Every structure is written in structure tokens, then in C-alpha cells.
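Enquirer: structure for the following, please:
(2 chains)
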Amino acid sequence: MASTSIPLPLSPSSPASQTPTTATATAQPLSPTISLPKLKTPTIRSRLSKLCQDGQPHLARQLFDTLPRPTTVLWNTIIIGFICNNLPEEALLFYAQMKKSAPNTKCDSYTYSSTLKACADTRNIRVGRALHCHVLRCLSNPSRILYNSLLNMYSTCLPGADYSSGDLVRKVFDTMPKRNVVAWNTLVSWYVKTERYEEAILQFVRMMKMRIRPSAVSFVNVFPALSGMRDYKNANALYGLLVRMGAEYVSDLFVVSSGIFMFSELGCLDFARKIFDLCSEKNTEIWNTMVGGYAQNNLPIEAIDLFLQATQSEEAVLDEVTLLSALTAVSQLQRLELAQQLHAYVIKHLRVIPIFIQNAIIAMYSRCGSIDKSFQIFHEMPERDVVSWNTMVSALVHNGLDDEALMLVREMQKQRFEIDSVTVTALLSAASNLRDPNIGKQTYAYLIRHRIEFEGMDSYLIDMYAKSGLVGALQIFSEKSSAQDRDMATWNSMIAGYTQNGMIEEAFVVFRLMLEQKLLPNSVTLASILPVCSPMGNIDLGKQLHGFSVRNMLDENVFVGTALIDMYSKSGAIAYAENVFRETGLKNSVTYTTMILAYGQHGMGERALSLFHSMQDSGIKPDAITFVAVLSACSYAGLVDEGLQIFELMKKEYNIRLATAHYCCVADMLGRVGRVVEAYEFVKGLGEEGNVLEIWGSLLGACRIHEQFELGKAVAEKLLELEKGNDVTGYHVLLSNMYAEEGEWENASKLRKQMREKGLKKETGYSWIEISGRINRFVSRDQKHHQCDDVYNMLGQLAMEMKAAGYRPFVSSSLHKVADSD
DNA sequence: ATGAATATTT
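Expert: Okay, here's the model as predicted:
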């Protein structure tokens, strides 16, 4: 018989006893001497199910164990009773016991249907398959519900990624003799689970065409497909259909919740909120979906506002999940006082704080800049899970404490927690930050040893290697020998790795390779490669990429648009930059900031200012960087009073945290027009906050230009005092130039000597040019170019012609006493 | 007596 060959779990009441005889014994009356009154099956059945409904499944078991020969109906009742009490494992054990101790009791559709449900609940596909075989062998006419149960068992137990090798769920569906709305719903949700959203919608439509009336569940199931497709139009249409189906559809609480979720996934918070507001009896899930929707869409103010409403609501709608969303929202706001208040609220309102809430609190404090508090909470946690460790490790990395993060990972391993993809991501970030290829290699080795793989892993690895000096990045890249193995992210991070390391030629080599493989660059590729077009001095290349992005509709992407603006601006083509800006549909604060920056770099301070004002009118909130752009634009254009006004505005109206860059702009602005003393006073007035190299450096530059030698000396002293091991090559050179201009050659050469001793060396400047796809790079006094002699001959010739034309080189600020001809 | 469904931290 089939049942003997299929292994099944053992008896529930005596897990220790493994032999069929003992299992049978336990199913017999506890005490054979007491003879119970003979009850009819329906009476026992109703008693059993009453006990289970009252949440007393163990009393039901005691009663069941007194039955000498339970009928099929009674077996079914006890199995269903345990499933209803959320004990699917025990339900499976009863089925096993039934097979073993009562082989002659026939299973029916109810038995199989319920046991299949238990398989689905426990993700036990092994038993599920066995049951499928039993059904095919033993039942001549399985019920429709049984087929639905089979379908459901497969759709919950099969791993989502594994449908390619013959879609079993689809096969079962296709072979079903009759399908009702439940079967269709299950199929749709299977397609959603496997992320085949288009197919899910198609099946929903097919069901409608077959005149099967969708149920509320049908809508709940198909909604995620529409948000997954990012199909706002059809989402709207479908919601319209839902409304026309009748009140019982719109007011179904599941429908309300998943409707809110769909629209907030699509970014339509207004619509989501409308559904929320129209719902008269909101349950906790609905509140949570709405609060979470705001948090997920980075609308922390709205999220917190709604959370506060929930706290004041008459009914008890709040639970841990609401709190979780509120914690996320405060993390986004990055306001420490709020974080502390919310933390207090959590302590006050929860008797025990679940681990996942504590994890969120750790993350919140870290995002609000209080890493100490994060660690304290982590340290004092009585129990931690992997997420706790990962949260703390990531928090340390985010706060620049990379070494501490590494140590914590050690500790995590010591305490036998498995490193997972999140840990690895944090580790790789730490390795890039520390520029330590060894940590990276160890992490990579760990990945290989433990066969860890996750989406985007290659890009993280390449990014890490790229940042720590590119040893190995190419290796990982080439190891994925076939083009299919390299996903877009891998190509992109390879290119970005090179561009971020200033290895522009190499970046273009990879870019060309990509094109040769007939791969279409996407918006990320363009956003990585565009920024290096302008330093190449090759605007045609930039224009080609612009053309490419227009043809492939990538120019609508904000990041590409912004990169294009920046590229044109840096290539000196401000008019092109303006055009792109005008044509970028969805502008965000970065788009505006880039354009303002572009105007500033072209000395068009007035335009920068007026763009800033129209940005304010359009309701897009300027951020800290926007103000850097405006202030520096004012500085370049000498619009000092306007600049100072904006500085005030920024402090008072926008509540933006002032950073070094802002102070720098103001000091620079004043210094540039010769208000050097004022600048000095401003910087001194900043106190400790102003003790930053960049600020004093900018002041030094001003002193030099306006020949304020005495003040310059004071500033220089201060700078040297601030230096302490910082890389200040630029200031040394500037300082030495100042001494040189004053004619104090002795001091200048002393400083240069000091520089050499400390091993400071200004980064070599170089230029390059692309000729028929090949990049030629030139460094001062370089002899490596293969046409070196020709190049120097031409240079000499040009120099002579320039001299003949009357050109006199300006040498006063160069470091050395040099002959004019140099 | 049996089947399908919503919110969650790194």
C-alpha cells in the first residue's frame, strides 16, 4: 500500500513511543475498567469541536483518547480542531496516528483537505506530496474544495523562485475539473508571490471574462500585482470596479487595508488617505497600514501625526506594529528629542518590549545621531536576535565606527549568531570605509565558505574593492565570465568604482565593453558615467550620452537629468544645462540644487538667486546642500548682502543645521570682496564650531588675494595649530605661495622643506584627451606616452609661436624661482 | 466538519 512507503510523523500523544503497537495503545481507553456510557458519533463530534472552539484542544485530545474506534468524522474533527487552534504540527501527528493505528478507517475529502491545510501551515511539502498521491489513488471523485486545498498547499509550500522547472501550481490548476472563485484567487496570489504581476492581472481578467464574480478576496489578492507593476491607471480603474461591486466590497476591512496599502505603494498617499478616512470602523491593521504607508513613503511628519491620532483614539487601535512605524518615522526625521519622547512612550505603554521593537529603537537612536544610546540599549537587551546584531553593526558603520563594527561582528560570531546578507553588507561597507582590502577579502571568503548569495552582492563586493584600491574588483567582474551572469548592477558598480577612483579611462573601457555586448545602459549607468565626461573635456561624448538617454527615455529619470545638467555646466555649456533643466519633468531638490550650482559656477549669481526663489515658490524644500549652492553662487558673483540675507533665512525659516560648508561660504563671500576683517570676525565669532581647516583656509585665500599680510599670518598660525595630522597640502602650498609673493623666500622654502619632510605632496594634476576611442593621458614632465617626442616637439613649437605673439606667462604665484621660459 | 486574504525592525 502506498501509505506504508511514505514516511510520516509519529503519534502526537506519545512522541517517545515509536512502535505502532504503543501508538495503538495510547489511542485506547485510559482505563478499560470504567465503562463510559455509549455516546453517538454526532454527540461526541459536537463535544470535540466545542472544546476546540473554546480553545481547549488538549481537553479535546483527552476525550478523543478515550474513544476505542474513532470514526473518520471524529478523526477529521480532531484534526480540524487542532488546525483551528493554530497547532498544525499536532494536526499532522493525528493524521499519522490515524494512518498507523486505524489503517482500515478510510480517509475522505475532509481528511485530506484539512491535512493539506496543516501541510500548508507548516510548509511541509513532503507530506503534502504524499497526500496528493493518496488522493489520486484512493478517491474516485475528489471534491472541488479538496482540489483547492491541493492548489493552496503547493502555492504556499513551493519556493517562489522555483516555478521555472514546470509550474506545478499551474499544472494542478489546469487539471482541475471545475474551478470556482477560490481556485482563481489562489492562482492569482501564486502569481503575485512569484512576482509575475502581469500574469496575475491577466488571470484576474480571464476569471472576469469567464463570468466568475470576483469576491472581496479576489481584490485583496490582485491589488499587490498592480502596485508591483507600478500601474496606477489600472489600480484606479480596478478600485472603481470594486466600488461598483457594492457596499459589502468597499467596506470589507481586508479590502480597505490592502487598498490603502496598494495606493501607498504606488505613492498615491492622498488616495490612500481618502480610503482610510472613508472607513468608519477602522481596525488596528488599517491604522497600521496607513501609518506605515506614510513612513514607507518618507513622510515622517504625516506618519507621526497619524500615530498621535491613534494614541488618542477611543478604541484601542494601537499595537506594536503601529509603534514600529512611528519609530521608523522618527528615524527619518532624525530628531533626538522626539526619539526620546517616543522611547518613553514605548516604555510606558508596553509591559514587555518585544525584540523587534527594541531593534527599531536602536536604529532610531543611531539615525538621530545618538550611537551611545543605541549601544546602551543593545548592551542591556536580555535577549537578542540576528536583526539586533545587524542593526547595531550597521549603526556603528553608519556612524563611522568601522573598527567597532568589525569587533562587534567577531562578538556576534562568538555568540553563535549566523552572519547573513545584511551583516555582510555592513561588513563590506566598513571595509570600503576603512579602505582595507583584507577585511573585504575575509568577508568574501566567508561568503564563499558559507555559500551566502544575495541580490546585488557582486555590486557590493566590487564597490568595496573599488574603494579599497580596486585590487580584486576586476577579478570578481571577470570571474563572472558569461555576460548573463553580470547583471546591470555589476556593470554599473564596476563603472562607478572606476569613476569614483578617478580612473576615467578604465571606466570608459568597461562602458565600451558593455556596449559591445549589446547591453543597454540604464539610468544608473548614465548617472555614473556622465560626471566624468566633463573632466574629459569631451562635450561631444556628453552630447552622445544625452542623445542616447533621450532615445531610450532615460532623460525623464531625475538622476540622469541632474547628471546631464551637471555635465553640461562643467563643460561650460550653461545654455545646454538650462535646456535640460527646463525639460526635466519631475524636478526634485537635487535637480534645482544642481542648476543653482551651475549658475554659480558660471558667475551668474542673479540667475542662481532667482532660480532659488522659484524653487521656493514651487514648494520644493531646499536642503542644506541647496543653501551651499546658493551661498557659493552669491560668493562667486559678489552678491554679499543677498548672500548674508539667505544665510539668515536658512537659519530662521528653514531650520537647517548649519554645517562647515555654510560657514565657509560666508567667510569666502566676505573675504572675496575684500571684507577680510569682517570675515575674520565672523569666523572668530563661530567659536569652537568654526575651528575647521576649510573655513580658515578660505580665509587664508582671501588674505592672500587682498594682500592682507598681517592678518594672513595670524590666520596661518591658527591653521597650523588646527592642522595636527590632517592632510593640509593645499594650505601649505597656499601659505608658501603667500610667503613667496611677499618676497620672503626663506620662509617659503622652509615651508616647502617642511612639506617634503612630512611627505605631503600635492596631488599630481594631469590632463587627457580622447582620440578615436583611445584615451591619452598627460602628466607634467611625463615621458611615457608612445608619441612622447612628437608631443614635446609640438609643445616647443607652440611655445615659440606664443612668445612671438607677445605672450608673457604669469609666474608670481608659482612656488619656485623659475626662468621665464618655463 | 473542509478551501482563498491585510500591517512589521537591519
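Enquirer: show me what from the stretch 151-300 of chain A comes close to DNA strand B.
Expert: Contacts of the stretch 151-300 of chain A with DNA strand B, taken as CB under 7 Å from any atom of the strand, map to A:152, A:156, A:180-183, A:185-186, A:189, A:215-218, A:220-221, A:252-255, A:257-258, A:261, A:283-286, A:288-289, A:292, A:296. Where C-beta positions appear, they are placed from N, C-alpha and C, glycine not excepted.
Enquirer: now the stretch 401-550 of chain A
Expert: A:V422.
Enquirer: chain neighbours aside, what residue packs nearest to A:A624?
Expert: Nearest residue to A:A624, sequence neighbours excluded (CB to CB, 6 or more residues apart in numbering): A:I656, at 5.1 Å.
Enquirer: please name the residues that touch that neighbour.
Expert: A:D623, A:A624, A:F627, A:M650 (CB atoms under 8 Å, 6 or more residues apart in numbering).
Enquirer: touching, the second one and A:H662? I think so.
Expert: So that's A:A624. Yes - using CB atoms under 8 Å, A:A624 is in contact with A:H662, at 7.5 Å.
Enquirer: compare these two and say which is more crowded by neighbours.
Expert: A:H662 (21 against 15; other CB atoms under 10 Å).
Enquirer: what are the phi and psi values at that one?
Expert: phi -70, psi -50 (degrees, to the nearest 10).
Enquirer: ok and the residue in the stretch 501-650 of chain A nearest DNA strand B?
Expert: Nearest to DNA strand B, among the residues of the stretch 501-650 of chain A, is A:D623, at 20.9 Å (CB to the nearest atom of the strand).
Enquirer: for the stretch 601-750 of chain A, which spans come out with low pLDDT?
Expert: Scanning the stretch 601-750 of chain A for pLDDT under 70 picks out the ranges A:655, A:723-750.
Enquirer: what segments of it are helices?
Expert: Applying DSSP state H, counting those that start in this stretch to the stretch 601-750 of chain A gives helices spanning A:605-617, A:624-637, A:640-652, A:660-672, A:676-685, A:693-705, A:709-723, A:729-741, A:745-758.
Enquirer: mind checking those helices for the one nearest to A:K193?
Expert: Closest to A:K193 of the helices of the stretch 601-750 of chain A, according to CB to CB: helix A:624-637, at 41.1 Å.
Enquirer: and the closest one, what does it pack against?
Expert: helix A:589-601, helix A:605-617, helix A:640-652, helix A:660-672 (3 or more CB pairs under 8 Å, 6 or more residues apart in numbering; DSSP states H and E).
Enquirer: now the strands for chain A?
Expert: Taking DSSP state E, the strands of chain A run over residues A:766-771, A:774-779.
Enquirer: can you give the domain ranges for chain A?
Expert: Domains of chain A are assigned by automatic domain parsing as A:1-178, A:196-279, A:282-383, A:404-453, A:455-515.
Enquirer: let me see the mean pLDDT of the fourth one.
Expert: Taken as a whole, domain A:404-453 carries a mean pLDDT of 82.
Enquirer: quote the end-to-end distance of it.
Expert: End-to-end distance of domain A:404-453 (CA to CA, to the nearest Å): 25 Å.
Enquirer: what separation do you get for the residue nearest to A:L406 when sequence neighbours are not counted and A:Q442?
Expert: Distances taken as CB to CB, 6+ apart place A:A430 nearest to A:L406, at 6.0 Å, with adjacent residues excluded. Look at A:A430 and A:Q442: by CB to CB, to the nearest Å, they are 11 Å apart.
Enquirer: the more surrounded of the two?
Expert: Applying other CB under 10 Å to A:A430 and A:Q442 shows that A:A430 carries more neighbours, namely 26 against 14.
Enquirer: pLDDT score for A:L10?
Expert: pLDDT, A:L10: 33.
Enquirer: identify the residues contacting the nearest residue to A:L427 once chain neighbours are set aside.
Expert: Residue nearest to A:L427 in three dimensions, not counting chain neighbours: A:T443, with 4.7 Å by CB to CB, 6+ apart. Neighbour list for A:T443: A:V424, A:L427, A:L428, A:A431, A:M464 [criterion: CB under 8 Å, 6+ apart].
Enquirer: redo that, cut-off 7 Å
Expert: A:V424, A:L427, A:L428, A:A431 (CB atoms under 7 Å, 6 or more residues apart in numbering).
Enquirer: my read is that the second one contacts A:L408, right?
Expert: If I follow you right, that is A:L427. No - checked against CB atoms under 7 Å, the pair A:L427 and A:L408 is beyond contact range at 10.3 Å.
Enquirer: for chain A, what helix or strand is lowest in average pLDDT?
Expert: helix A:2-5 (a mean of 36; mean pLDDT, DSSP states H and E).
Enquirer: quick revisit: Serialize the helices and strands packed on helix A:624-637 to TSV and add fields for distance to A:D277.
Expert: Shown next, in TSV, are these (distance: least, CB to CB, whole Å):
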stretch	distance to A:D277
helix A:589-601	29
helix A:605-617	30
helix A:640-652	35
helix A:660-672	41
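Enquirer: distance to DNA strand B added to those helices, as a markdown table?
Expert: Putting the helices and strands packed on helix A:624-637 into a markdown table (distance: least, CB to the nearest atom of the strand, whole Å) gives the following:
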| stretch | distance to DNA strand B |
| --- | --- |
| helix A:589-601 | 22 |
| helix A:605-617 | 30 |
| helix A:640-652 | 29 |
| helix A:660-672 | 27 |
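Enquirer: sorry, back to before: for PyMOL, write the selection for the buried entries among the residues of the stretch 151-300 of chain A next to DNA strand B.
Expert: In PyMOL syntax, the buried subset of those is picked out as below (16 or more other CB atoms under 10 Å):
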select buried, chain A and resi 152+156+182+183+185+186+189+215+216+217+218+220+221+252+255+257+258+261+284+285+286+288+289+292+296
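Enquirer: which of the residues of the stretch 151-300 of chain A next to DNA strand B fall in helices?
Expert: A:152, A:156, A:181-183, A:185-186, A:189, A:216-218, A:220-221, A:253-255, A:257-258, A:261, A:284-286, A:288-289, A:292, A:296 (DSSP state H).
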